[in-house]
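[1] When you get a sec, could you give me coordinates for this:
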Amino acid sequence: MKNPEVAVLLVFLCGHTGLQPYVYGATGGTRKLADFLDRSDGNEETSGQVFMSQVDSAENLKERVRLTQPGNDRRLVLTKENNTQVRPGGVQALHLSLAGAGQVRAMWMNPVPFTRPADFKPQCTYHVIRAEVMLEGNVTEGRAYTYTAGMFNATLNEAVMKYEPGNEPVTINYQCGDENYAMSPPYNFTIQPTTVQKGDRTKELHKKQINAIRNVSSANLSKTSRVCQGVTCFQEGERLGKVALIADMGIEEDVVTIRSIQEYVNQGKIDFVLHAGDISYADNFGPNSESHDRPANNSWVWVQYMTSLQDITAKVPYMTSPGNHEEEFDFAAYLNWLHMPWNESGSSSPFYYSFDYLGVHFVGISTEHDMSLNSTQNRWLEQDLKTADQNRAETPWILVFGHRPLYCSCAIFWTDRCTVEAKEYRKDLDELFRRYHVDVYVCGHNHQYERSWPVSFGNVTAKNYNNPAGTVHIVTGAAGNPEGNDPTFVPWFMAPWRAGYSLSLQTGWTLMEVNSTALVFSYIHIVDSGKVVDSFTITKNNVSANLL
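    You can find the predicted model right below:
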């Protein structure tokens, strides 16, 4: 059939009951909400939290915390060699984020009620390894704090690990925790340079044993070779940076997504995870929801979600932007769980920020806050993009990510999100994207995958991706949200900017590979053994001579 999306649209409009569990606001969403409510039921144990009031003794609590740790055969460790008594507690939901030049932030939860700062001694102990040489060890002290929105009743911690930035990767071995409670198992992660790795690294690699030589799968790169030493790949002398792009995940339905990304992380095939809003789906399960007899408890959702990510986020940075499902309690959970480098990037708000990594200037914006012309966010964004556009020799790509789409063709939300709402966002952002040559915009909100041709002010600038004169828009919102995915799209003639999409209910995520002249995108269906169902490549051959 030439336009299969038309058939899906007609089925949806005719009220086919088979789609109802996956349609926003239909019975499937109600069932999921009921599942959430049943699981909360005032019992924090369902969230993975361990509170002193829930156990019979400190020894039992210590054992339970041990069992919740990654690699649960590890005993709780002391940070001192003396006989200092360690109280019951633990390390859960450990996650990393980039925190400005030469800095990585670690955050985690200690599942005991917060009392006062003096009762806690959060810290990270770590060693920096550069060029296979381990430098002296470091201990960085952190801070402990809490918040009360959504009935949260535990202790959050953060500490910043520092290293000397440069043009080569840096590996950090570390443990985080509290010397009064417990330390995490040891982890390690590798921080890549902010710019593209290039030069004579290929010569260095040829002196070593080459484990694999294979071609880049994308047709546009089929004539260039990729050389791998272990899991570090170089293409024509440049290492390929790799980023997992997700949006709209939540708990329970996210299990297969987490498992898939974790496999990539364990094989060294992901440098960091980028999440464009709607993170845990911790809505307000209380008086304003369908259950009027329950307290407003949504903290267990955040705890369960962040804990489920630990085997990913303790190994690679996790960079986020807020979505509409983070707005409960005035974004309190988002602001306390996820600290992004907003101050380090000249922003006046924790909701929008930027950072350079892998030769890309990444800009996280908040579509949930004012972006109109002359707003604080809009003024900051223009200055940030202007600076980045003048720095293409170091970071040849600009990628902006936010939650809501500027271009989309979802049939269910066509008359509101994809026409009225999207046009409002385009009015605020299209001119900035054109003026400062933004290469890609990544978003979610719609629970599906689609991509555009290069587009500007609603017009397709070309039906190819070679030196595009417009911005490419990617919706990747099918990562496992509790409301179900959406397979409905309007016909092509109604959305001429659309270049590809996934007509499926399956969960999926997008892999981005980057070097100085190409961005390769692969959309992966998880249950199909990681099958790539859509891929495309954006290329540039007009980059600065400094990149060659």
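[2] if you average pLDDT over stretch 410-418, what comes out?
    Stretch 410-418 shows a mean pLDDT of 93.
[3] Show the end-to-end separation of it, please.
    Stretch 410-418 has its terminal residues 7 Å apart, counting by CA to CA, to the nearest Å.
[4] Tell me the span between the first and last residue of stretch 182-194.
    OK, stretch 182-194 end separation, CA to CA: 33 Å.
[5] now swap in stretch 303-318 and tell me
    For stretch 303-318, the end-to-end distance is 16 Å (CA to CA).
[6] how distant is that stretch from the center of its chain?
    10 Å (CA atoms, centre = their mean, to the nearest Å).
[7] repeat for stretch 178-193
    Worked out by CA atoms, centre = their mean, stretch 178-193 lies 20 Å from the chain centre.
[8] For the protein, which helix or strand comes out least confident on mean pLDDT?
    strand 212-215 (a mean of 26; mean pLDDT, DSSP states H and E).
[9] which residues of the stretch 301-450 of the chain fall in strands?
    Per DSSP state E, counting those that start in this stretch, the stretch 301-450 of the chain carries strands over the ranges 318-321, 353-357, 360-364, 397-401, 440-443, 449-452.
[10] export those strands to JSON lines and tack on distance to E158, mean pLDDT and mean neighbour count?
    Just so you know, the C-beta spots here come from the backbone N, C-alpha and C atoms, and that holds for glycine as well. As requested, the strands of the stretch 301-450 of the chain are exported to JSON lines (distance: least, CB to CB, whole Å; pLDDT from 0 to 100; neighbours: other CB atoms under 10 Å):
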{"stretch": "strand 318-321", "distance to E158": "13", "mean pLDDT": "98", "mean neighbour count": "25"}
{"stretch": "strand 353-357", "distance to E158": "16", "mean pLDDT": "97", "mean neighbour count": "22"}
{"stretch": "strand 360-364", "distance to E158": "18", "mean pLDDT": "98", "mean neighbour count": "25"}
{"stretch": "strand 397-401", "distance to E158": "23", "mean pLDDT": "98", "mean neighbour count": "26"}
{"stretch": "strand 440-443", "distance to E158": "26", "mean pLDDT": "98", "mean neighbour count": "27"}
{"stretch": "strand 449-452", "distance to E158": "33", "mean pLDDT": "98", "mean neighbour count": "26"}
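[11] right, and those - which one's nearest N298?
    Counting by CB to CB, N298 lies closest to strand 318-321 out of the strands of the stretch 301-450 of the chain; the figure is 17.3 Å.
[12] For the residue lying closest to A388 once chain neighbours are set aside, which residues are in contact?
    Nearest residue to A388, sequence neighbours excluded (CB to CB, 6 or more residues apart in numbering): H361, at 4.0 Å. Taking CB atoms under 8 Å, 6 or more residues apart in numbering as the criterion, H361 is in contact with 354-355, 388, 391, 395, 397-399.
[13] Could you dump the strands of the stretch 301-450 of the chain into a markdown table and include distance to F493?
    A markdown table is the format used below for the strands of the stretch 301-450 of the chain (distance: least, CB to CB, whole Å):
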| stretch | distance to F493 |
| --- | --- |
| strand 318-321 | 32 |
| strand 353-357 | 37 |
| strand 360-364 | 33 |
| strand 397-401 | 28 |
| strand 440-443 | 23 |
| strand 449-452 | 15 |
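[14] Any idea which of the ones you listed gets closest to R417?
    So among the strands of the stretch 301-450 of the chain, strand 440-443 is nearest, using CB to CB, at 11.0 Å.
[15] Check the offset of the closest one from the chain's centre.
    For strand 440-443, the distance to the chain centre is 13 Å (CA atoms, centre = their mean).
[16] what lines up beside it in the sheet?
    strand 397-401 (parallel), strand 472-476 (parallel) (DSSP bridges).
[17] quick one: contacts of the first one?
    The contact list for strand 397-401, computed with CB under 8 Å, 6+ apart, reads 245, 274, 276, 321, 359-365, 385, 388-389, 433, 436-443, 514, 519.
[18] so where's this protein uncertain?
    1-88, 197-237, 284-296, 542-548 (pLDDT under 70).
[19] got the angle between the helix or strand harbouring T190 and strand 353-357?
    Taking DSSP states H and E as the definition, one finds T190 inside strand 187-191. Calculated by axes from the mean of the first three to the mean of the last three CA atoms, to 10 degrees, strand 187-191 forms an angle of 80 degrees with strand 353-357.
[20] In its sheet, which strands sit next to strand 187-191, and in what direction?
    strand 170-178 (antiparallel).
[21] Check which residues of the strand it pairs with are buried.
    170-172, 174-178 (16 or more other CB atoms under 10 Å).
[22] Please state the offset of that strand from the chain centre?
    21 Å.
[23] Can you name the two of the contacts of H361 that sit furthest apart?
    Farthest pair in those (CB to CB) is N391 and L399. Separation: 14.0 Å.
[24] now, which of the contacts of H361 sits nearest T155?
    Distances from T155 to the contacts of H361, taken by CB to CB, are shortest for F355, at 27.5 Å.
[25] correct me, but that closest one touches L98?
    Yes: checked against CB atoms under 8 Å, the pair F355 and L98 is within contact range at 5.3 Å.
[26] which stretches of the protein form helices?
    Applying DSSP state H to the chain gives helices spanning 4-13, 27-40, 58-68, 201-206, 255-266, 299-308, 310-313, 328-337, 376-389, 422-435.
[27] Just give me the neighbour total for the closest residue to S504 other than its chain neighbours.
    Nearest residue to S504, sequence neighbours excluded (CB to CB, 6+ apart): P487, at 5.7 Å. Residues lying near P487 (other CB atoms under 10 Å) number 26.
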